[in-house]
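> give me a model of this one.
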Amino acid sequence: MAEPSKRQRLSHINSSSQTSSKSLSSIFTDSQDEGLEGEGRFVEGSILRITMKNFLTYDYSVVHPGPNLNMIVGANGTGKSSIVCAICLCLAGKTAVLGRGDKVGLYVKRGCKKGHVEIELYKRGGNVVIFREIHAENNQSLWMLNDRQCSQKAVEEEVKALRIQVSNLCQFLPQEKVGEFAKMSKIELLEATEKSVGPPEMYEYHCELKNFRNKERELENVVKEKASFLEKAKQRNERNKHDVNRYYEKKRHLDVIELLEKKKPWVEYETTRKELEGVKKERDEAKKQLSSLKQTQAPMVKKIQQIDEQLKPTEAQIKAKTAAIKEASLKCKQKQDQLDRKNKEIDDIKQKFRLKQMEEEDHQKRISNTRRTIEDLKAELAKVGDQPDVTPRINAVNADLRRIQEERAKIEGEKGDLRREKDNLCAESRMLEKKLNDMNNMMNAKEEKLRGRHRDTHAALQWLRQNKQLFRGNVHEPMMLVINVKDHRFAKYVENHISFHDLRAFVFQRKDDMEKFMIEVRDKMNLKVNSICAPEESCSKRPPSRNIESLRRFGFFTYLREMFDAPDEVMSYLCHQYRVHDVPVGNERTKSMIKTVIEEPYLKVLYTTEERYTVKRSFYSNKISTSNSAVHPSQYLTITVDAEEKRQLEQQMKSCESKLRDIDERMKALQKEAVALDRRDNELLAEKKGLSELKGKKRQLEQKISTKQDSLKQMEQNIIDLTKIEEETKQKIAAVNAEKVTVREPDCIACLRAKLTMEKVHLALETVGLTAEKNKLENDCREGASELRTTDQKCSRLEQRKLQLTDQCKGLLKRAKAMCKMQPDQSLPEDLRNVSVLHSFIGPDWNLCWVVDEYNRREQEIKQMEKELEEKSNALNAYRQNISEAKERWLNPLKHLVEQINEKFSAFFRSMQCAGEVDLHSENEEEYDKYGIRIRVKFHATTQLHELTPYHQSGGERSVSTMLYLMALQELNRCPFRVVDEINQGMDPVNERRVFDIVVRTACKETTSQYFFITPKVSVLCSCRLPDWKSQWYQGAVYVPLYAK
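The predicted structure follows:
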């Protein structure tokens, strides 16, 4: 480390500082001295002094900036950005603003326990000195304001009072945040611009308008709700108004109704009484008619009764004769049944005899057939005796069968071995397939993470898999899918070392394939994807600068390349771009020896267990500067799939499948051999069976002849004697006929049955005559009986009606007197006697009182709501008037401010032979939270103005646009100072020179505020002719060169 005296960066104080051009130093010394002579040129809040001790790369340093442009130029690692960090942290800025270490203790110089930063700010009536002491161990800070200890809140309030905003990218743009300026939305850019160059009240008016607009929406909703509720209440009352009118109309008729109600019972009584008299008269006439009909029917009824008396004894005699005939018939039937049974018994005896005859005939036929069979067998036996001996041939066949059985057993043994081998291979194949599926599932999990983080890349991946045939060279899927970390613990190192943009990039072997891919997915499908072309010469096997064995004493155990596998093109790109072959990874021992490790040559990037270190060496002084950051946990590469293991598993799967095919072929060949043996075995068995049959045929024939002769003897001994059986049959039939004679019916029973039948017939004829006469009389009487029955029913009905009307008249009379409050013996009043017809108003049969009450209550509510609605509407109108006034206070100055910015911005672009404009953009004038500033630029004559976005313009174009916008703000001079750190990175030399001229010309005006321009490029100054530095534009510039020892 350099001595403190050699780390001071004061061009006008430390005249012994190392410089490469003494003439340039003297030029800026003169300008700086002029700035220090009169503090009147400083804007309130400008930085007069920056003191740093044990801060980042500095042991101790004091910087005295000028009132206008302050250029800090130096190579990487000389401490330019350290000054930016000191300004931010001392002015109560957050570490997130810097985009470097997230803990304030990381900004203390390595090896020191604490460090401090002090800034002196210009302020009329007395400068402000802010002091911040940072403790590395606990990340705590000690604050002092004007040599008095205070809280961070007090410092923030003092900084805010001086209009310093280190969190505003329009005022304070550190190196790590340059790219984020173009990513700011229009709304964010407007707010940052308001805070930076607008009047103090402009941003407050904007916030007030947004709050007003929200409250206006709430009031509008309240007014709409109340108006809607009021309209619904009026509609409900309008619907009920008709019912209310009807209610009052009904009330007006109540008196009339009461009178008519008294008259109504008397009319009902009179009507019922008249009806009762009519019913009585009709009943009497019906009784007279009924009596006349009964007298006419009396003679015929008497004659019918006489005939019924005559029919009764005759019917009794017919029943007695029928019973006697039935008894005689039953006796005759019993005798006939006995005769039938005897006849059946005779038929059975005859049937048995016929069966014996048929049995004897069959017996004789069997005897004859047996004799013929014996003769045939004897003839065949004679022929068989002449055949040769077949025993030797049978022995030979048996030998062949045993040989076949041995070969078959051998084949079955081989098939069993093959089946067992096949089962083992199938089990092994299933296990390998399961392992491959598990690996594929892990790859699918990687794809799901990619789709969740970047859908465009996932969509391009699907397209690539379907169209790989379009490319001539190797095309690899996004790195995060093809990189396989050997141990999941090492994934965090690989993922921290490779940016996410490259992790999701497709890798191509050929450049024309990459261009074809980008045309398809980026231009045609409008997908935002990254693609990379691998180096033409492979770098994947490039050896490291030093053997890992020489670094093991520091705790290094491997290089980053050895921690993962990747395809050759991917590994070649990573070795070329990220030098993964030359990045060692260490352990806790490395952490403890870090001071020694960083002194080792060739080490530029290294990892310990939890941190990444970047080591830079100054080109001029060979001085070492380091930065470190925490190693974040891995998000995408923790899912590891061993590519070599997967390849081996796939080869094993193919080997298993090949072996299974060989086994199947061998099984088929053995099966064919087994079928041939079975066929030969069947042929030999058939031949053996024939020889065996031939050998045993003679013995069988002799046995059959002997058996048949024995059977013949037995049949001859069992001959049936038909003559004897025929005699026995005749005797049985004679005995049954004798029994039939005793059963025959006597003639007296038949005669008795015939006599009874004749008597029954005579009685039936007599009954028929009487019945015919009776039917004739009944037919004559039936017509009169129908009329008689109808008249009788009418009399009964009229009698019941008379009784009903009598009771009804009594009840109506009693009710009518009760309603008129009359005594039982009092007569009807004269006014009621004269009423013949009653007209009454019959209203609805429901009570409308509740409707009227509801109507009146709602009328009161409507009046109250109309009053509230009027109040809310008046309040809304007043609120809108306030909004309109606040809008004028905010919008008119804002438009004027944007016009001024646009005028400067457009002029800057025109001076660069380009075009650019700034306008106030709003989709709806009333939506104040949607207002924004839109920047549109054009760098080529053939293109149109395009909005500045992170995607459309190149990095250099975005840097130029950002720088010119900040310079357009510079002349408005609302903030005390601006800081821009290395924004010219990525600019081409022509644009860099033009922008530099604009910066110097703008920032050196006396009307502008303080400006800090940090750049590592000395070429910016070297490109200027020395006499130009004495021109009017460069008189306020301060040049601070930084060198590292």
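> what's the burial count for residue 339?
Residues lying near residue 339 (other C-beta atoms under 10 Å) number 14. Backbone N, C-alpha and C define where each C-beta goes, glycine included.
> how close does it sit to residue 752?
20 Å (C-beta to C-beta, to the nearest Å).
> residue 686 now?
Going from residue 686 to residue 752 by C-beta to C-beta gives 90 Å.
> comparing the two, which residue is more hemmed in?
residue 752 (15 against 11).
> where's the more buried one, which helix or strand?
For residue 752, the host element (DSSP states H and E) is helix 747-819.
> distance between that helix and the chain's centre?
88 Å (C-alpha atoms, centre = their mean, to the nearest Å).
> what mean pLDDT does that helix have?
For helix 747-819, the per-residue pLDDT values average out at 75.
> equivalent analysis for stretch 130-143, please.
88.
> now the strands for the stretch 551-700 of the chain?
Ranges of strands in the stretch 551-700 of the chain, per DSSP state E, counting those that start in this stretch, are 558-559, 564-565, 584-585, 605-607, 611-617, 624-630.
> helices or strands up against the fifth one?
To tie it back to what came earlier, the one meant is strand 611-617. For strand 611-617, the packing partners by 3 or more C-beta pairs under 8 Å, 6 or more residues apart in numbering; DSSP states H and E come out as strand 605-607, strand 624-630.
> ok, residues contacting the shortest one?
Around strand 605-607, the neighbours that count as contacts under C-beta atoms under 8 Å, 6 or more residues apart in numbering are 493, 496-497, 556, 560, 579, 583-586, 590, 597, 612-615, 631.
> selecting buried members of these in ChimeraX, what would you type?
Of these, the buried ones go into a single ChimeraX selection, burial set by 16 or more other C-beta atoms under 10 Å:
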select :493,496,497,556,560,579,583,584,585,586,590,597,612,613,615,631
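> how near is the closest residue to residue 109 other than its chain neighbours to residue 636?
Residue nearest to residue 109 in three dimensions, not counting chain neighbours: residue 54, with 4.5 Å by C-beta to C-beta, 6 or more residues apart in numbering. From residue 54 across to residue 636, the span is 39 Å (C-beta to C-beta).
> equivalent analysis for residue 425, please.
Distance from residue 425 to residue 636, by C-beta to C-beta: 37 Å.
> got it, and residue 943?
37 Å.
> so those two - more neighbours on which side?
Between residue 943 and residue 636, counting by other C-beta under 10 Å, residue 636 is the more crowded of the two (20 against 10).
> list the residues that contact the more buried one.
By C-beta under 8 Å, 6+ apart, the neighbours of residue 636 are 446, 449, 450, 453, 480, 495, 503.
> where in the stretch 1-150 of the chain is pLDDT low?
Under the criterion pLDDT under 70, the flagged ranges of the stretch 1-150 of the chain are 1-40, 99-101.
> number of residues surrounding residue 314?
By other C-beta under 10 Å, 14 other residues sit near residue 314.
> swap that for residue 187, sorry
14.
> please apply the same query to the one 5 residues further on.
If you count neighbours by other C-beta under 10 Å, residue 192 ends up with 21.
> which phi and psi does it have?
The phi and psi values for residue 192, taken as degrees, to the nearest 10, are phi -60, psi -40.
> what of residue 1012?
phi -110, psi 120.
> got it, and residue 137?
According to degrees, to the nearest 10, residue 137 has phi -70, psi -50.
> so how far is residue 432 from it?
From residue 137 to residue 432 the distance is 55 Å (C-beta to C-beta).
> of these two, which one has the most company?
Between residue 137 and residue 432, counting by other C-beta under 10 Å, residue 432 is the more crowded of the two (19 against 9).
> now name the helix or strand holding that one.
Going by DSSP H and E, residue 432 is in helix 391-453.
> same for that helix, what does it pack against?
helix 455-466, helix 479-482, helix 643-717.
> to residue 393, which of the ones you listed lies closest?
In terms of C-beta to C-beta, the element of the helices and strands packed on helix 391-453 nearest to residue 393 is helix 643-717, at 5.7 Å.
> by contact count, what packs against that closest one?
Using 3+ C-beta pairs under 8 Å, 6+ apart, the elements in contact with helix 643-717 are helix 254-384, helix 391-453.
> now the angle from the helix or strand that comes right after it to helix 254-384?
Later in the chain than helix 643-717, the nearest helix or strand by DSSP H and E is helix 722-742. Orientation check (axes from the mean of the first three to the mean of the last three C-alpha atoms, to 10 degrees): helix 722-742 against helix 254-384 gives 150 degrees.
> please report how far residue 310 lies from residue 998.
For residue 310, the distance to residue 998 - C-beta to C-beta - is 154 Å.
> more neighbours: which of the two?
Neighbours per residue (other C-beta under 10 Å) separate residue 310 from residue 998, with residue 998 holding more: 23 against 13.
> for that one, give me its contacts.
908, 911, 963, 964, 967.
> specify which member of the residues you listed is nearest to residue 899.
residue 908 (15.0 Å).
> what's the helix or strand for that closest one?
With DSSP H and E as the criterion, the answer for residue 908 is helix 849-911.
> centre of the chain to that helix, how far?
Distance, stretch centre to chain centre, for helix 849-911: 42 Å (C-alpha atoms, centre = their mean).
> just checking, what packs against it?
Applying 3+ C-beta pairs under 8 Å, 6+ apart, we find helix 849-911 packed against helix 186-197, helix 200-252, strand 915-921, strand 932-938, helix 955-970, helix 989-1003.
> make a markdown table from these and add mean pLDDT and distance to residue 791 to it.
What follows is the helices and strands packed on helix 849-911, written out as a markdown table (pLDDT from 0 to 100; distance: least, C-beta to C-beta, whole Å):
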| stretch | mean pLDDT | distance to residue 791 |
| --- | --- | --- |
| helix 186-197 | 75 | 108 |
| helix 200-252 | 76 | 53 |
| strand 915-921 | 85 | 109 |
| strand 932-938 | 85 | 110 |
| helix 955-970 | 74 | 122 |
| helix 989-1003 | 70 | 133 |
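> from those, which stretch is densest packed?
Ranked by mean neighbour count, the helices and strands packed on helix 849-911 are led by helix 955-970 with a mean of 23 (mean count of other C-beta atoms under 10 Å).
> so where's the stretch 551-700 of the chain uncertain?
619-621, 640-644, 694-696, 698.
> if we use 50, what do you get?
Within the stretch 551-700 of the chain, no stretch has pLDDT under 50.
> which residues sit against stretch 785-792?
Residues contacting stretch 785-792 (C-beta under 8 Å, 6+ apart): 286, 289, 290, 293, 294, 297.
> ok, how many other residues are close to the spatially closest residue to the fourth one that is not a sequence neighbour?
Right, residue 293. Nearest residue to residue 293 in three dimensions, chain neighbours excluded: residue 788, at 4.4 Å (C-beta to C-beta, 6+ apart). Residues lying near residue 788 (other C-beta under 10 Å) number 18.
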